[in-house]
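> Sequence first, predicted coordinates after that:
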Amino acid sequence: MSDPAVSAFVIIPVLLAAVFTLGVAHAWRRSGASRSATVRAVMITIVGAAGWMAVTAAIAQSGVLREWDRNPPPFLLLVAGIGAIAGGIALSPLGRRLANYLPLWSLVAVQAFRLPLELAMHGMYERGIMPVQMSYAGRNFDILSGASAIVVAAIVATGRGGRTLVTVWNVLGLVLLANIVAIAVLSTPRFHYFGARRLNVFVTYPPFVWLPAVMVLTALAGHLVIFRSVRERTRAI
């Protein structure tokens with residue numbers, strides 16, 4: 001944990017959980033919910049986020065995610081579960097409140113976490129822990145999503161950009177996310193598409209399991225909530 005590239009895989013997920021909790025609190029207050037309803041929503045968010053992080057870390061620690069001979073491999077079930085949870089959040093009443101009551105620029109700004117994440121992932125590659133194709137030295141260009149999120153959020157916050165800009169950026173960001181997720185899955189021992197010496201196994205250990213379980217989940221759910229926000233704001237015109 002004294003290595004910044006390693007500690008980032010703990011610090012970023014914890015900060016994202018905190019930002020998510022603050023977003024829920026703000027959305028509930030702006031929706032006109034009572035104080036007790038807001039507190040209840042915040043507490044459920046805290047327990048849910050902490051529970052998810054604890055469960056995924058425990059599963060990774062147990063070694064279950066490294067059982068690649070099982071059908072289907074547990075890691076692929078985790079990936080499928082992440083997609084289902086992201087979609088569930090975006091389509092739920094929670095997603096509706098986040099989409100309707102948080103500023104559009106703030107939803108974009110959250111995705112800026114992908115910039116320091118990609119720097120940390122590159123550090124993992126330099127240390128020989130992560131295969132090159134998953135870094136920006138290889139086939140991963142998701143650092144562009146994180147860097148551009150800062151610019152797009154600033155433009156929208158100052159009123160110089162709107163829903164069209166956000167939609168275009170959101171589509172590109174989702175494509176870049178899909179690209180690295182596909183690369184990560186194809187790099188697992190089950191597929192070893194990029195060769196036996198370029199395997200993605202580090203994400204099956206804690207705290208690196210929070211890369212897919214928290215950070216990919218946040219990025220995907222965030223993109224889906226942004227799409228919902230743009231659609232509902234367009235309907236309101």
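Ah, there it is. Residues are numbered from 1 along each chain as shown.
> List the buried residues of stretch 149-166.
Across stretch 149-166, burial judged by 16 or more other C-beta atoms under 10 Å covers 149, 152-153, 155-156, 161, 163, 166. Any C-beta I mention is one placed from the backbone N, CA and C, and that applies to glycine too.
> Pull the distance from it to the chain's centre.
20 Å (C-alpha atoms, centre = their mean, to the nearest Å).
> ok, now stretch 216-229?
Computed by C-alpha atoms, centre = their mean, the chain-centroid distance of stretch 216-229 equals 8 Å.
> What is the neighbour count of the closest residue to Ser135 other than its chain neighbours?
Distances taken as C-beta to C-beta, 6 or more residues apart in numbering place Tyr125 nearest to Ser135, at 4.0 Å, with adjacent residues excluded. For Tyr125, the neighbour count with other C-beta atoms under 10 Å is 19.
> Can you list which of the buried residues of stretch 149-166 are found in helices?
The helices in this structure, assigned by DSSP state H, contain 149, 152-153, 155-156, 163, 166 from the buried residues of stretch 149-166.
> and the two most separated of those?
Using C-beta to C-beta, the two most remote members of those are Ala149 and Arg163, lying 15.9 Å apart.
> the strands in the chain, which residues?
Ranges of strands in the chain, per DSSP state E: none exist.
> Least confident secondary structure element in it?
Lowest on mean pLDDT, DSSP states H and E among the helices and strands of the chain sits helix 217-235, with a mean of 94.
> Check which helices and strands that helix sits against.
On a contact count with 3 or more C-beta pairs under 8 Å, 6 or more residues apart in numbering; DSSP states H and E, helix 217-235 meets helix 74-91, helix 93-101, helix 104-109, helix 163-186.
> Where does the prediction get shaky in this structure?
Applying pLDDT under 70 to the chain flags the ranges 236-237.
> which residues touch the nearest residue to Ala184 once chain neighbours are set aside?
Sequence neighbours aside, Asn200 is the residue nearest to Ala184 in space, at 5.3 Å (criterion: C-beta to C-beta, 6+ apart). By C-beta atoms under 8 Å, 6 or more residues apart in numbering, the contact list for Asn200 reads 130-131, 134, 184-185, 187-188.
> so how far is Ala109 from Ala99?
Distance of Ala99 to Ala109, computed by C-beta to C-beta, to the nearest Å: 15 Å.
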